[in-house]
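Undergrad: for reference, the sequence and a predicted model appear below.
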Amino acid sequence: MSNEQVEPMGRHRQPDRDRPGGGAGSASTATSRAVGTARDTADSARASASRAAGSARRAASQAADSARGAAREATTKASETAHNVAAKVSAVLPTGSKPTSTPGPTAPPTGDERPFGDLVKDASAQLSTLVRGEIELAKTEITQEVKRAGLAVALFVIAGALGLYALTFGLIALAEGLAELGLWRWLAFLIVFALLALIAGVAVLLGIRRIKRVGKPERTIKTMKGTAVAMKNARAKSIPGRRPPV
C-alpha cells in the first residue's frame, strides 16, 4: 500500500462541532427549547393572572354584598332612631288648645315657637348626651367595684404569704419552744399549726366579706330602666288608642 492510501486511514475523525452546520443545529435546538420555556412561562403567567382576576372579582363581589348589607342595616337603624325621636318630640310638644279671647291679628312667632327641625335636632343631641352620661356612669361604677375587688385579692395574697412564712419559720421555732417546756414534740407542732390556721382563716373571711360587697352598677341600671320606660311612654303617646305602660 502506498503512503497516500495509509495517510487518510490514520487521520482522526473530525468532531461534529468542527463540521460545517453542527453549531447551527445546536443553536437551533437551544433556541427551540428557549422558545418552549418562554411559551410555558407565558402560559403560567396568563393562568396566574386569570386566577388573580377571578379572586379579585369574588372579593369585590363579597365586599359589595357586605356594603349593601351594612347600608341596609344602617338605614333600618336610622329609621328606628328617627321614629323614636319623633315620638319623643310629639310627647314633649304641648297639645293645641283654642284661645278663649276674641280673635285678633296673628302675632309673630316668639322665641319659644321654634321650628320642628330644631326640636328634632335638640332631641337628638339630648339623647346622645344622655347615652354618653350613662356610659361614663357605668365606667365610674365599674372602676370603683374593680378597686374593691382588687383590695379583696390583695388580702388573699397577704393571707397566703403569711401562711407560707408562718409554716416555714414560726412553726418550727414555736413548736421547739413548746417542746422545751415539757410537751410532746408532736403536740407542740400541732398547737402551732392550729394557731396559724386560725390567723389564715380570719384573713380569708375578711376577703370573702370584701368580695360580697362588690355589687352591680345599681345607679346605671336604674337610670337605663328609667330611660327605657320614658321611651315606651313616649311611643305609646304617639300611637292613638294605646295606653302607656305602668
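TA: Arrived safely.
Undergrad: so, low pLDDT: which residues of the chain?
TA: 1-27, 60, 63-64, 66-67, 69-71, 74-79, 81-114, 116-117, 120, 234-246 (pLDDT under 70).
Undergrad: what's the domain layout of the chain?
TA: The chain resolves into domains spanning 32-71, 130-215 when parsed by automatic domain parsing.
Undergrad: just say which of these is most tucked in.
TA: With neighbours defined by mean count of other Cβ atoms under 10 Å, none of the domains of the chain is more surrounded on average than domain 130-215, at a mean of 14. Yep, even glycine has a C-beta here, placed from its N, CA and C like the rest.
Undergrad: returning to that earlier point: so which of the domains of the chain gets nearest Ala123?
TA: In this view, the domains of the chain are compared for proximity to Ala123 by Cβ to Cβ, and domain 130-215 is the closest at 10.4 Å.
Undergrad: end-to-end on that closest one?
TA: 23 Å (Cα to Cα, to the nearest Å).
Undergrad: hang on, the earlier thing: I'd like the domains of the chain as JSON lines, with distance to Met231 appended.
TA: Written out in JSON lines, the entries for the domains of the chain read as follows (distance: least, Cβ to Cβ, whole Å):
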{"stretch": "domain 32-71", "distance to Met231": "25"}
{"stretch": "domain 130-215", "distance to Met231": "11"}
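Undergrad: out of those domains, nearest to Pro115?
TA: Comparing the domains of the chain against Pro115 with Cβ to Cβ, the closest turns out to be domain 130-215 (22.7 Å).
Undergrad: quick revisit: the domains of the chain: which one's closest to Asp122?
TA: Comparing these under Cβ to Cβ, the one sitting nearest is domain 130-215, at 12.4 Å.
Undergrad: quick one, which of the domains of the chain gets closest to Asn233.
TA: domain 130-215 (15.3 Å).
Undergrad: quick one, which of the domains of the chain is nearest to Ala230?
TA: Comparing the domains of the chain against Ala230 with Cβ to Cβ, the closest turns out to be domain 130-215 (9.8 Å).
Undergrad: burial count for Asp122?
TA: By other Cβ atoms under 10 Å, the residues close to Asp122 number 14.
Undergrad: ok, now Thr129?
TA: By the criterion of other Cβ under 10 Å, Thr129 has 10 neighbours.
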